[in-house]
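# got a predicted structure here, sequence first:
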Amino acid sequence: MDTLPRAIPLEGASNLRDLGGYLVLDGRRVRHGVLYRSATLANLTEGDVATIAGLGLRTVCDLRGVAEAAERPSRLPEGAVRISLAIEPTVGASLRDLMQRGQASGEDVVALLRLAYLDYGTRFIGAYRALFALLLDPGRHALLFHCSAGKDRTGLAAALVLTALGASRATVLDDYVATDRLWQRDYAVPPGTPPAMAAALHATHPALLEAALDAAIAAHGGSLEGLLTEGLGLDAAAIGRLRDLLLE
């Protein structure tokens, strides 16, 4: 069996992978060729555009903030429609403040990221709810979602999708940490960022992803069922439809 996740190599981007192949709790696997995640698509070469066109993408969900996306517009193949599901970045200003103090550490960066992750799963849950509405429409498939690095906002999106499909927490975390080997750090940190801070920004942080999932659950009645129904708009019928569409 292929090593999971199945990566699609590109020249001008990285961290593009097919979410297919993962085993879920009922013994089925996620379909290949339907659902993808990636880092920014702003720097694709002509060859990359052709590669992505070959995936049959119809929908690209952009989780970047409005100004963030406008500064680095995506390059998409003909037939792929970009939909903004903006989750505004919250780390940048605080990171600049830390750098100006001159004594910031990697631990300080992780503390900032933790606050951002908790926001993703609570304050910005509407963006993820909109993603699931698109996933429930087979006319939107194949679908790709991404942010800038394809790590944090995208990481939680993949975690929520895999969880809704019945994947274990271990599988969710395996997919999340795959960014450490697939992402080429092609999204630059601010000039002058100290190495320890840059390393913390570039790394995955499984504990933060788990905290985000747990916070999202706590904010919606304290149960996974509450998160799926109240947070993500998935009643039992919708969950069944989602699994029929995305599982083998």
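That came through, no problem.
# contacts only, for the closest residue to T163 other than its chain neighbours.
Spatial nearest neighbour of T163, excluding adjacent residues (CB to CB, 6 or more residues apart in numbering): V172 at 6.0 Å. C-beta: built from backbone N, CA, C; applies to glycine. V172 sits next to 158-159, 162-163, 209, 213 when contact means CB atoms under 8 Å, 6 or more residues apart in numbering.
# ranges for the helices of this protein?
Remark: helices assigned in the chain by DSSP state H are 46-53, 66-71, 92-101, 106-120, 125-135, 153-165, 169-177, 179-182, 195-202, 206-218, 224-226, 236-246.
# if we can go back for a sec, now the contacts of V172 as a markdown table including distance to G54?
Putting the contacts of V172 into a markdown table (distance: CB to CB, whole Å) gives the following:
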| residue | distance to G54 |
| --- | --- |
| A158 | 22 |
| A159 | 27 |
| L162 | 24 |
| T163 | 29 |
| L209 | 30 |
| L213 | 33 |
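# look up how far A200 lies from G33.
35 Å (CB to CB, to the nearest Å).
# who has more neighbours, these two?
A200 (21 against 12; other CB atoms under 10 Å).
# quick check: closest non-adjacent residue to the most centrally placed residue in the chain.
Nearest residue to the geometric centre of the chain (CA atoms, centre = their mean): T154, 1.1 Å. When the adjacent residues along the chain are set aside, T154 lies closest to C147, with 4.7 Å between them (CB to CB, 6+ apart).
# ranking helices and strands of the chain by mean pLDDT, which lands last?
helix 92-101 (a mean of 64; mean pLDDT, DSSP states H and E).
# low-confidence ranges in this structure?
1-2, 92-104, 187-188 (pLDDT under 70).
# at 80 what do you get?
Applying pLDDT under 80 to the chain picks out residues 1-2, 90-105, 186-193.
# surely I239 meets L228?
Yes - counting by CB atoms under 8 Å, L228 is a contact partner of I239 at 6.4 Å.
# which one's more surrounded, the two?
Neighbour totals were compared for I239 and L228, and L228 leads with 22 against 19 (other CB under 10 Å).
# what sits closest to the more buried one if chain neighbours are left out?
Using CB to CB, 6+ apart, the closest residue to L228 is L234 (4.5 Å).
# for that neighbour, what are its contacts?
With the criterion set at CB under 8 Å, 6+ apart, L234 makes contact with 132, 164, 228, 242.
# with distance to R28 added, can I get those residues in a markdown table?
As requested, the contacts of L234 are arranged in a markdown table below (distance: CB to CB, whole Å):
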| residue | distance to R28 |
| --- | --- |
| F132 | 19 |
| A164 | 13 |
| L228 | 18 |
| L242 | 12 |
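# for D48, state which of those is nearest.
F132 (27.7 Å; CB to CB).
# any idea how far the closest one is from G221?
In terms of CB to CB, F132 sits 17 Å off from G221.
# ok, the two, which is more surrounded?
A direct count of neighbours by other CB under 10 Å for F132 and G221 places F132 higher, at 20 against 13.
# now the more buried one, nearest residue through space, not along the chain?
L232 (5.1 Å).
# what does R82 give?
V60 (4.9 Å).
# and if you look at S223?
I217 (6.6 Å).
# which ones are touching that neighbour?
Counting by CB under 8 Å, 6+ apart, I217 has contacts 223-224, 226-227.
# distance of it relative to F132?
Counting by CB to CB - I217 and F132 are separated by 16 Å.
# distance across stretch 16-26, terminal residue to terminal residue?
Stretch 16-26 has an end-to-end distance of 27 Å (criterion: CA to CA, to the nearest Å).
# buried residues, it. List them.
By neighbour count with 16 or more other CB atoms under 10 Å, stretch 16-26 contains the buried residues 16-22, 24.
# give me the distance from it to the chain's centre.
14 Å (CA atoms, centre = their mean, to the nearest Å).
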